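**Q** Coordinates for the following, if possible.
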Amino acid sequence: MHDDRSIAEHRLRRVLAERIKPAVRSRSVPLTVERWDAPGEPVPVAEGLAAPYRPCATGDAWGPAWGTTWFKVTGSVPADWAGRAVEAVLDLGFDRMMPGFQCEGLVHRADGSEVKGLNPYNDWVRVADRATGGERVEWYVEAASNPVLVSHSPTYEGDRPTSGDQPLYRLARMDLTVFETEVWELVQDLDVLHELMTQLDGADARRYAILRAVDSALDEVDLTDVPGTAAAARALLAPVLAVPANASAHRISAVGHAHIDSAWLWPLRETVRKVSRTTSNVVSLMDEHPEFVFAMSQAQQLDWIRTHRPELFERIKKKVADGRFVPVGGMWVESDTNMVGGEAMARQFLYGKKFFLDEFGIETRNVWLPDSFGYTAAMPQIVKLSGSQWFLTQKISWSQVNKFPHHTFWWEGIDGTRVFTHFPPVDTYNSDLGGAQLAHAARNYQEKGRGSRSLVPFGWGDGGGGPTREHLARARRLRDLEGSPRVEVERPDAFFEKAHAEYEDAPVWAGELYLELHRGTYTSQARTKQGNRRSESLLREAELWAATAAVRVPGLDYPYEDLERLWKTVLLHQFHDILPGSSIAWVHREARATYAAVREELLAITGAAQSALAGEGALELVFNCAPHARRGIPAGGAGRPEGAAQPVTVEERHGGGHVLANGRLLVEVDGRGLLVSAYDLERGRESLAPGSAANLLQIHPDFPNMWDAWDIDAFYRNKVTDLVDLDSMEVTDDGPDAATVTVTRSFGSSTAVQTITLRAGARTVDLVTDVEWHETEKFLKAAFPLDVAAERSAAETQFGHVHRPTHTNTSWEAAKFEICAHRWIQVEEPGWGVALLNDSTYGHDVTRDVRPDGGRTTTVRLSLLRAPRYPDPETDQGRHTLGYSLAPGATTGDAVREGHALNLPERSVRGAGPVEPLLAVDEDAVVVEAVKLAEDRSGDVVVRLYESRGGRATATLTPGFAITAAVESDLLERPVAGSAVAAPAADGRVALTLRPFQILTVRLRRA
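**A** Predicted structure coming up:
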């Protein structure tokens, strides 16, 4: 037989595109269209319905960036269409090369109820399955003219004040049409077979069997009467569509999904509308397709629907009760996990799971994080303590260097907790269920021979409208089809139960799931990151002092509602495109304002509680919110601080500069204003490598290959400029308590003022860099070359720390050229180490070198600022104040203590006398992370602790109030089995035993 395969396949592509697909809608009549352009921000539905409309026609331009236009659409079904399926096509001017990221619409009835969303692959509204003729339609389309911002080019369209006012779209089509069901089904048959055929080997007999069937079907189609011949063509395709899959075929659990970023290339207010459009499509599709199952994460998004679209929320609740609309994830948002603090991560699950329980009666069992930029090694324990069993992500497939070795595995965290985890080998969370993607999933799956199944999330996300009827048509045809994986539409939990049952002995991956990409997100948008860190610290303070006051001060209420609202605001802004700094300017402008408002509210809550606790008086009391005593003030208490034992001295340095000393540290600043010595007087050890300078600002070019705000590529290191030129230097002697050297430097279009401060009694050198930053595509770092032969670094993460090698022996270590740390990073050799602490910086790098004298230098650098131009062309322009400290001689325990102290400042209040802590822990390794009153408003006190040094610990928890019981609880404050908490002794003391890095939540029932 002659090989005519390419000719036959070309024929199929052309006939399908140019004749069969257009014949799905055989007849059409135009609808009458009117419009109203809403001024400014979106308006309530009632206002849109009642607006003054004016005539409009297809082809008319509409929609400046971020505008809203309301279209009133009316018409009648022609009488001679009786008995036919009728649909309206409402094309707002969609670009079908993009499923989302552009204009969108939501169709309303005249009473304001929603019909469905309009999106590029979902631009229709069903009028009747069998029209009677004369049906009248009247719809109101709320159309959003979101600008297209996916070009990766700098643009000012990403904020309302800087975007243009010219229309971006033209109304393409507003028609009633006859929908030819049999032709549509033929399209689905041919699409599935074509995609399957092209994935089969060229020598596979199955490929030729499909090709011959398709050829025969196309012969049967009369191109002048496709509707009249579609059924006959389908009959010729039926036999090849009925051949069952191979017994060993890969099994795919297809789960409807629409990944919607809570903010990214659109502001939060637009996400509120995006989720309504998509979920209205979803529930409408469920009405027509009983097999359809849809998974939705992010409690925040469902809460927006509950608030703004209560009628839609009620429809969703019914589908949840039916088991077809499936809440997943258990988190308030799909957050970043690298930078989110420990307690905030716990609250993501507390408030997320609580919402699903309260609104739907659903206990989510899986954690659904397909798109976050790497995953903390603390996550498995947090997942388990939330009451969840399984974890799903897809993002690690984006890694640039190393292919992750597993798709189904046990993930082991820093404390030893393991969670069953799945990476969908389809390598997307927006699958089209096409043959190419499903074949890739089967080929790519790395558990062959041990496991046999994977999960595929399908549907158009980010404003694409979610799953479509075409997706479901593919799933039906691929349920059991030779040459394809078997596809079953089912709930995520069903997949995990089956996968776990067949592969209980899956391999183990220990430690973080580091994404070898998007490393710049540890640094971009510094003000957003600073707002997050400050807010997390302020929430800790507010809860601690409010709880203490509620227990101690009669009649003082705990501000439950305010604290929950503020927590949810902060959690929202931890979404994986907000906190990482990868959203448009609008998002980060609003975030800065939001963090400022959060700060004021939390300071007011804290101030009121502290004033109530301090009482009336003139004594200056210092409140210590940190988990360790400082200056003689107990953790969680207030009192008069002890004086320092030895004052700070200042001397001129030989050769220029200054020498500061306090009996513990001796600090030298040279004539360039650089730190050239940080000497540990108590241990007789120099921190800095010989001949080197620290607190050295270094600037690099920063133009990654793609993903400007997200990425830094390793080649940025090839060129560096040390900022050593000095504008001025002066020293300030604040008496015995402190001395400060202030250094000013200019570079490029920017200025940096750096202060180096040594305080009496301190074991740290406190550093502040105040930058007026006006660079473009540059990367600013602060370098500390340390005289430490460190094999690994220890970086704080949630509820502990993670070790990373300082060498680059393998590609896995080399890929970690930028790493994330929370409040501190520490390096050590046996017997001595150094920590670098920070108040709002997350990005770091650690390198090692051998000096000519044979000694080893370990250089730790903080990533201070970047200046990418996409998606925000003005990223980080302006003033920044960044604080950090050097701690010579610090162990990891010292780093924990000093990191908390730097981030939890003392607060002074005048009052009557000392305030005793609400509770105390007698072991410094056991850190109190949070103290609050229980969510159920019982008045119980909840305390969350963790072992912070990576070793076993025993401790005694002593409440400062009478208790009747101490109960170990999960993150939702429910009792757990196998308690590490002993029954309280007669005096109320509670004995605790913790394994390394264990998180322990104890609920104290007040007498």
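
**Q** Longest helix in this protein, please.
**A** helix 585-614 (DSSP state H).

**Q** now the next helix or strand after it, how far from the chain's geometric center?
**A** Using DSSP states H and E, the helix or strand that follows helix 585-614 in sequence is strand 619-623. Remark: strand 619-623 is offset 40 Å from the chain centroid, using Cα atoms, centre = their mean, to the nearest Å.

**Q** contacts for the helix or strand following strand 619-623?
**A** Later in the chain than strand 619-623, the nearest helix or strand by DSSP H and E is strand 638-639. For strand 638-639, contacts defined as Cβ atoms under 8 Å, 6 or more residues apart in numbering pick out 610, 613-614, 621-624, 632-633, 909, 911, 914-915. In short, each C-beta sits where N, CA and C put it, glycine included.

**Q** repeat that with 6 Å
**A** Leu621, Phe623, Ile633, Pro914, Val915 (Cβ atoms under 6 Å, 6 or more residues apart in numbering).

**Q** What of stretch 883-895?
**A** So stretch 883-895 is contacted by 678, 680, 683, 687, 764-768, 794, 824, 826, 833-835, 837-839, 862, 898, 902, 949 (Cβ under 6 Å, 6+ apart).

**Q** what residues are up against the residue most central in space within the chain?
**A** Computing the C-alpha centroid of the chain and ranking residues by Cα atoms, centre = their mean puts His576 first, at 2.2 Å. With contact taken as Cβ under 6 Å, 6+ apart, His576 is in contact with Glu334, Asp336, Ser372.

**Q** do the same with Ser284
**A** Lys116.

**Q** Most widely separated two among the contacts of strand 638-639?
**A** Phe623 and Pro914 (10.4 Å; Cβ to Cβ).

**Q** who's more crowded, these two?
**A** Counted by other Cβ atoms under 10 Å, Phe623 and Pro914 do not tie: Phe623 has more neighbours, with 25 against 16.

**Q** contacting residues around that one?
**A** Phe623 neighbours (Cβ under 6 Å, 6+ apart): Gln610, Ala638, Arg907.

**Q** Could you rerun that using 8 Å?
**A** Trp545, Gln610, Ile633, Gly637, Ala638, Glu906, Arg907, Ser908, Val909, Val915.

**Q** what does Val753 give?
**A** Here Val753 is in contact with Thr742, Val743, Thr744, Thr769, Asp770, Val771 (Cβ under 8 Å, 6+ apart).

**Q** same thing with Leu312?
**A** Glu114, Ser276, Thr279, Ser280, Val283, Ile305.

**Q** Mind jotting down where the helices sit in the stretch 701-850 of the chain?
**A** 811-814 (DSSP state H, counting those that start in this stretch).

**Q** which stretches of it form strands?
**A** Under the criterion DSSP state E, counting those that start in this stretch, the stretch 701-850 of the chain carries strands at the ranges 721-722, 728-733, 738-747, 750-759, 765-773, 778-786, 792-797, 800-805, 819-820, 824-829, 832-838, 843-850.

**Q** Tell me which of the ones you listed sits nearest to Glu195.
**A** When those are compared by Cβ to Cβ, strand 819-820 sits nearest Glu195, at 40.1 Å.

**Q** That closest one: partners in the sheet, and parallel or antiparallel?
**A** strand 843-850 (antiparallel) (DSSP bridges).

**Q** Just the CA atoms of the partner strand, as CSV, please.
**A** Extracted C-alpha coordinates of strand 843-850, given in CSV (Å, rounded to 0.1, in the frame of the first residue of the first chain):
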residue,chain,number,x,y,z
GLY,A,843,16.5,36.0,49.3
HIS,A,844,20.1,34.9,50.1
ASP,A,845,23.0,33.1,48.5
VAL,A,846,25.8,31.2,50.2
THR,A,847,29.1,30.4,48.5
ARG,A,848,32.5,29.0,49.6
ASP,A,849,36.1,29.6,48.6
VAL,A,850,39.6,28.6,49.7
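
**Q** Which is the succeeding secondary structure element to it?
**A** Next along the chain after strand 843-850, taking DSSP H and E as the criterion, comes strand 856-866.

**Q** Specify the beta-bridge partners of the closest residue in space to Ile819 that isn't next to it in sequence.
**A** Once flanking residues are discounted, Ile819 sits nearest to His844: 5.5 Å by Cβ to Cβ, 6 or more residues apart in numbering. In this entry, His844 is beta-bridged to Ile819, Leu862, by DSSP bridges.

**Q** Report the separation between His844 and Ile712.
**A** 12 Å (Cβ to Cβ, to the nearest Å).

**Q** between these two, who's got more neighbours?
**A** Relative neighbour count places Ile712 above the other of His844 and Ile712, with 28 against 23, counting by other Cβ under 10 Å.

**Q** List the contacts of the more buried one.
**A** Arg519, Gly520, Thr523, Asp702, Pro704, Phe779, Glu818, Arg866.

**Q** Nearest residue to it in space, please, no chain neighbours.
**A** Distances taken as Cβ to Cβ, 6+ apart place Gly520 nearest to Ile712, at 4.4 Å, with adjacent residues excluded.

**Q** can you confirm that neighbour is in a strand?
**A** No. Counting by DSSP: H, G, I helix; E, B strand; the rest coil, Gly520 is located in no strand; its state is helix.

**Q** what's near enough to touch Val29?
**A** By Cβ under 8 Å, 6+ apart, the neighbours of Val29 are Gly75, Pro78, Asp175, Leu176.

**Q** how close does it get to Val77?
**A** 9 Å.

**Q** shared neighbours, these two?
**A** By Cβ under 8 Å, 6+ apart, Val29 and Val77 have these common neighbours: Leu176.

**Q** do you know how far the residue nearest to the centre of the chain is from Gln298?
**A** Taking Cβ to Cβ, one finds His576 at 11 Å from Gln298.

**Q** pLDDT weak spots in the stretch 101-250 of the chain?
**A** Across the stretch 101-250 of the chain, nothing is flagged by pLDDT under 70.

**Q** Which secondary structure element is home to the residue nearest to Arg418 when sequence neighbours are not counted?
**A** Closest residue to Arg418 apart from its sequence neighbours, by Cβ to Cβ, 6+ apart: Trp410 at 4.5 Å. Using DSSP H and E, the element containing Trp410 is strand 408-412.

**Q** Give me the contact list for that strand.
**A** 379-380, 391, 418-423, 447, 451, 454, 499, 503, 506-511, 513.

**Q** Of the residues you listed, which belong to strands?
**A** In strands, judged by DSSP state E, the following of these are found: Phe391, Arg418, Val419, Phe420, Thr421, His422, Ser454, Val508, Trp509, Ala510.

**Q** And the nearest residue to Pro370 once chain neighbours are set aside, how far from Val456?
**A** Of all residues not flanking Pro370 in the chain, Tyr429 sits nearest, at 3.9 Å (Cβ to Cβ, 6+ apart). Distance, Tyr429 to Val456, using Cβ to Cβ: 9 Å.

**Q** neighbour-wise, which of these two wins?
**A** Val456 (25 against 22).

**Q** For my notes, confirm Leu12 occurs in a strand.
**A** No. Read with three-state DSSP, Leu12 is helix and lies in no strand.

**Q** and the gap between the residue nearest to Ile712 and His194?
**A** Counting by Cβ to Cβ, the gap from Gly520 to His194 is 41 Å.

**Q** Counting neighbours, go ahead and name the busier of those two.
**A** Gly520 (27 against 19).

**Q** Now do the contacts for Trp264.
**A** So Trp264 contacts Asp462, Asp577, Ser582, Ser583, Ile584, Val587, Pro871 (Cβ under 8 Å, 6+ apart).
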